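# Provide a 3D model corresponding to the input given below.
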Amino acid sequence: MALTGGCYCGEIRFEAGGDPVMKGECHCRECQYISGGNANDFMAMPTALFHYTKGAPKQFTRSGIESPVTREFCGTCGTPILARSPALADAVILKVGTLDDTSVFGQPQMIIQTADAPSFHHIQEGIPAFPRWPG
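I've put the predicted structure just below:
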């Protein structure tokens, strides 16, 4: 699978290859901040087959929390591009909304962190859902 995408203003562009390691939807509080209040749809893609083709993102890693992720985003328009997590060291966690063709996502394979979902979040039936990370 070959994916392309970028930020809202066009200053950041990327390519990702290989098969998705995971396709998911996360409802954790941290993702709610990043998404503006919604769940976060993501595709984890192999790090070795990911690269930026235009621009360089800004990065942010929150201190004071256990196993923080590093978030990469456009420094001009603020679009969240991806996260790098210690839990998925061989994958980049791409935000589905940054893909040129969002239809490649289809639907999540799993829904995670549902314990943090506020009442207005929709948890789709028929997809494995977990209150935290599946263990």
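# and the helices in this structure?
With DSSP state H as the criterion, the chain has helices at 29-35.
# quick one: contacts for the closest residue to Cys77 other than its chain neighbours?
Once flanking residues are discounted, Cys77 sits nearest to Cys9: 3.9 Å by C-beta to C-beta, 6 or more residues apart in numbering. For every residue, glycine as well, the C-beta is placed using N, CA and C. Applying C-beta atoms under 8 Å, 6 or more residues apart in numbering to Cys9 gives the contacts 74, 76-77, 79.
# quick check: Cys9 vs Ile34, distance?
Distance, Cys9 to Ile34, by C-beta to C-beta, to the nearest Å: 18 Å.
# any chance you could list what contacts the helix or strand of the chain with the lowest mean pLDDT?
Using mean pLDDT, DSSP states H and E, the weakest-scoring helix or strand in the chain turns out to be helix 29-35, at a mean of 91. Residues outside helix 29-35 that contact it (C-beta under 8 Å, 6+ apart) are 38-40, 62, 69, 71, 80, 113, 116, 118.
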